[in-house]
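Participant: Fold the following and give me the result.
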Amino acid sequence: MDVVDYVLGSASITYNDVAPIFEPANHKIIWRLKGFPSQTKNKEVTFSLKTNSNYNGKKKASFKVTANARIGDSKVERDITTYYQYAKAAPIKTPITSPFSAITLTSISETEAKISLSLNGNYPATVKYGLGPSKLDQSISSIGKNQDQEFTLSNLQANTQYYFKFQTTDESKKVWETELFTFETATISTKPQIDLNSLIVSSSNQLLTTPDSKQKNVLVMPEDTNYEIRIKLKNYQSIKDIKAVLKNKKVLGINSQDITEPNINSTNLEQSEPGIFIGRLKTPSNPGVYQVSLLITDSNGNVIESKLADVKVTKNLTVLDQSSKSPIEKARLTLSVYNPKTNTYDLIPEQVRSIQNPSYTNGQGESHVVLPEGKYKVEVLSIGFKKAVVEFELGPYEEQDYPTIYLEKAPFSPLTVFEYYGSILQDVFQNTKAYVSGLSNSIRFFELNAIVATSILIFLTLLSITSRLHIPLHSLPEYLRHWSKIQALGIKSEKIKGRIFDQVSGETLKEADIYLIDLNKNKVVDHTKTNSQGDFAFLKLVSSAYEIDVLKDGYEPETFFESDIKSIGLGGYLLNIKRNTTSRTLRQKVQLYAQKTISIVFEGLLIISAVFEFTLGYSLGWSKAFPFIMVSMISVFLWLTHLSHLRSIRNIF
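Facilitator: Sure, this is the predicted structure:
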């Protein structure tokens, strides 16, 4: 914003020798024509603009110029948007034709106006002012000869149009005058007040100044740094426009119409809450001392300019090769801050200063860290170079800048390589730890952990009931469907009975696992164990074909098809299995013991799940806990079905 200024004295004399009147507060040039006969045409006015210190020449800037003509109540208006970008050319020395450089109306109130004048040399100056272009009957002269001067016009009338012009004499005794300027004083009102003690400046969540800071008038920041200002205002209700401007302290200028593309050195402030205004700026690419000012215009005509702070812009912290002066990339920087209480340097924690520490230099050997004023120490480590430790101080005075550090080359050493990469591993560990620590304060992370933990617990509970039932998870739907049909048919359903024998000794085998498998769907639909006499029994559906799988520790698994085996009296089967000469593998044993363990703890898991679900519902809302409650209800239903199934099996014999 505001990258061009009006060139003083450039506005032309127009039709009937009418001179221009410049209105700096509203960025207007006015030509007042007493007569303009019909059929008059091809008359023109001209003026010039120049880029000011806000324009850095790196990208195209745009600004709008609006022209309007008024005759009575009629108005014709046209506007154009102009683009400008600096093009390098050979420097041309041009003689200075006027000693006047810039004029700025820094403030306007009901009874007073302050005007800043910038000259191209140290000259005396006089401002003449009054109530009309030909009534400049009051004057104020400067004391001495200065390049930058400020004049205060006092005892003015409220809501009144005033006119003024400047006069100076150069070293050759030639008298110079500016064109005519005008402004209107504010109406009688209460003007906005800036609470400078409320100023807060931050960059990347790093506080550079707070209301409790002892030093607020100077900020130290590296080049190309984005920062935010926060300020409190009283009587803010009438504010029409408020902006913060960063400019060279020695450059003053009358600003043009706002350009459409935001500029790094000026920004409009937004009201975040009643009376609190926030805006974002960026430091220039050129080191130097700049000034942040607040410019306020209200609906009553008050114009207020107030300095917030000086900004000292420095180079970034830089690491170079001592011999070649070339930048060193990926150099590791560890920052510590001076503690006056212990007279020692303490490592800067990332969570306290909101900076990456340690950090690494980029391809230009720079590390863009932003720190408040104070004393610091940096340890620099780079493979192939000797370690360096440098103390530095940030402040308003010379040499209180971010340092440029030169590293001395070191001969190759395995110890150096180990130290460098060991520090990187340490950084990874610390960053991971800091990341997890940061997440620990996040409500969303807490919700995620709670949901994941509850999900795992519910899943374990489901596995536990499947182990208790001896029904695989994928067969549960068929198991429920089979058992519900059996319950519908009642105890008079068809039965499968049998007895398991050792094939060699003929002994009956107890505690053998018997699985009933639906051949059509290849799913386990029931399970039981043989009793002390080796007997087992199932209820079955007439419309389905089945196979029977027999598993017994120390015996080979056997599969029997219902259609291939012969029944004895009362529909029973005599099934023989043979011993297994090979023992279980370690993996099989671990899997078996895990299934038994998780089966045993089913009731405990069910109770713990209920507690987790209640806590989850109470903390995060019952809508989030509902899916988990439904899964637990299914587990309870399966458990009750299993108990009912055991009672039914005992009644078969």
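
Participant: And the lowest mean pLDDT element among the helices and strands of this structure?
Facilitator: None of the helices or strands of the chain scores lower by mean pLDDT, DSSP states H and E than strand 567-568, at a mean of 50.

Participant: how about the helices in the stretch 51-200 of the chain?
Facilitator: Read by DSSP state H, counting those that start in this stretch, the stretch 51-200 of the chain holds no helices at all.

Participant: what about it, any weak spots by pLDDT?
Facilitator: Applying pLDDT under 70 to the stretch 51-200 of the chain flags residues 52-61, 72-74, 81-96.

Participant: Also the stretch 551-653 of the chain?
Facilitator: Along the stretch 551-653 of the chain, segments meeting pLDDT under 70 span 563-572, 583-586, 588-596, 598-603, 605-606, 612-613, 616, 618-620, 638-639, 641-653.

Participant: how far is stretch 138-150 from where the chain is centred?
Facilitator: Chain-centre distance of stretch 138-150: 49 Å, with C-alpha atoms, centre = their mean, to the nearest Å.

Participant: neighbouring contacts of that stretch?
Facilitator: 106, 114-130, 151-153, 250, 252 (C-beta atoms under 8 Å, 6 or more residues apart in numbering). Glycine gets a C-beta too; all of them are placed from N, C-alpha and C.

Participant: Which residues does stretch 512-531 contact?
Facilitator: Counting by C-beta under 8 Å, 6+ apart, 469-472, 474-475, 478-479, 481-483, 496, 498-500, 508-511, 534, 536-540, 544-552, 555, 561, 577, 645, 649 sit against stretch 512-531.

Participant: Dump stretch 312-332 to PDB, restricted to CA.
Facilitator: Extracted in PDB, the C-alpha atoms of stretch 312-332 (Å, rounded to 0.1, in the frame of the first residue of the first chain):
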ATOM      1  CA  LYS A 312      16.200  -2.100  13.700                       C
ATOM      2  CA  VAL A 313      16.400  -4.500  10.800                       C
ATOM      3  CA  THR A 314      19.600  -6.600  10.700                       C
ATOM      4  CA  LYS A 315      21.000  -9.400   8.600                       C
ATOM      5  CA  ASN A 316      20.100 -13.000   9.500                       C
ATOM      6  CA  LEU A 317      22.300 -15.100  11.700                       C
ATOM      7  CA  THR A 318      24.800 -16.300   9.100                       C
ATOM      8  CA  VAL A 319      27.500 -19.000   9.000                       C
ATOM      9  CA  LEU A 320      30.400 -18.800   6.500                       C
ATOM     10  CA  ASP A 321      33.500 -20.700   5.600                       C
ATOM     11  CA  GLN A 322      36.400 -18.700   7.100                       C
ATOM     12  CA  SER A 323      38.800 -19.400   4.100                       C
ATOM     13  CA  SER A 324      36.400 -19.000   1.100                       C
ATOM     14  CA  LYS A 325      33.800 -16.800   2.800                       C
ATOM     15  CA  SER A 326      31.200 -19.100   1.100                       C
ATOM     16  CA  PRO A 327      28.000 -20.000   3.000                       C
ATOM     17  CA  ILE A 328      27.800 -23.200   4.900                       C
ATOM     18  CA  GLU A 329      24.600 -25.200   4.500                       C
ATOM     19  CA  LYS A 330      23.100 -27.500   7.200                       C
ATOM     20  CA  ALA A 331      25.300 -26.100  10.000                       C
ATOM     21  CA  ARG A 332      23.600 -26.900  13.300                       C
END
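
Participant: mind listing what's buried in that stretch?
Facilitator: The neighbour-count check on stretch 312-332 (16 or more other C-beta atoms under 10 Å) flags 312-314, 316-321, 327-328, 331-332 as buried.

Participant: Nearest to Val18 among those?
Facilitator: Checking those against Val18 by C-beta to C-beta gives Val313 as the nearest, at 45.0 Å.

Participant: Just say helix, strand or coil for that closest one.
Facilitator: Under DSSP: H, G, I helix; E, B strand; the rest coil, the three-state class of Val313 is strand.

Participant: I'd say it and Leu281 touch.
Facilitator: No. Val313 sits out of contact with Leu281 when judged by C-beta atoms under 8 Å, with a separation of 11.4 Å.

Participant: among the contacts of stretch 512-531, which ones are buried?
Facilitator: With neighbours counted by 16+ other C-beta under 10 Å, those contain buried members at 469-471, 475, 478-479, 482-483, 496, 498-500, 508-509, 534, 536-540, 546-548, 550, 552, 555, 577, 645, 649.

Participant: Filter those down to the ones in strands?
Facilitator: Applying DSSP state E to the buried ones among the contacts of stretch 512-531, the entries found in strands are 496, 498-500, 536-540, 546-548, 550, 577.

Participant: ok, Glu373 touching Asp401?
Facilitator: No. Glu373 lies out of contact with Asp401 (C-beta under 8 Å); the separation is 11.5 Å.

Participant: Return every residue with contacts to both of these two.
Facilitator: Counting by C-beta under 8 Å, 6+ apart, the contacts common to Glu373 and Asp401 are Val220, Leu394.

Participant: And the strands in the stretch 301-450 of the chain?
Facilitator: Counting by DSSP state E, counting those that start in this stretch, the segments of the stretch 301-450 of the chain that form strands are 303-314, 317-321, 332-339, 344-347, 359-360, 366-367, 374-381, 388-394, 404-407.

Participant: which other residues reach the fourth one?
Facilitator: Taking contacts as C-beta under 8 Å, 6+ apart, the residues outside strand 344-347 that touch it are Thr334, Leu335, Ser336, Val337, Tyr338, Asn339, Asn357, Tyr376, Lys377, Glu391.

Participant: Report the lowest-confidence entry in the residues you listed.
Facilitator: For those, the weakest pLDDT value sits at Asn357, with 81.

Participant: Give me the neighbour count for that one.
Facilitator: 20 (other C-beta atoms under 10 Å).

Participant: Which neighbouring residues are in contact with it, exactly?
Facilitator: Residues near Asn357 by C-beta under 8 Å, 6+ apart: Leu333, Thr334, Leu335, Leu347, Ile348, Pro349, Glu350.

Participant: The helix or strand hosting Leu574 pairs with which strands?
Facilitator: Assigned by DSSP states H and E, Leu574 belongs to strand 572-577. Partners of strand 572-577 in the sheet, by DSSP bridges, are strand 494-502 (parallel), strand 567-568 (antiparallel).

Participant: where do the helices sit along the stretch 401-550 of the chain?
Facilitator: 414-439, 443-469, 476-489.

Participant: Point out where the stretch 301-450 of the chain drops to low pLDDT.
Facilitator: The model of the stretch 301-450 of the chain has pLDDT under 70 over residues 350-354, 412, 415-416, 427, 430-443, 445-446, 448-449.

Participant: Output the strands of the stretch 301-450 of the chain as a markdown table; include the columns distance to Pro414.
Facilitator: Converted to a markdown table, these look like this (distance: least, C-beta to C-beta, whole Å):
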| stretch | distance to Pro414 |
| --- | --- |
| strand 303-314 | 38 |
| strand 317-321 | 22 |
| strand 332-339 | 18 |
| strand 344-347 | 27 |
| strand 359-360 | 22 |
| strand 366-367 | 27 |
| strand 374-381 | 15 |
| strand 388-394 | 21 |
| strand 404-407 | 19 |
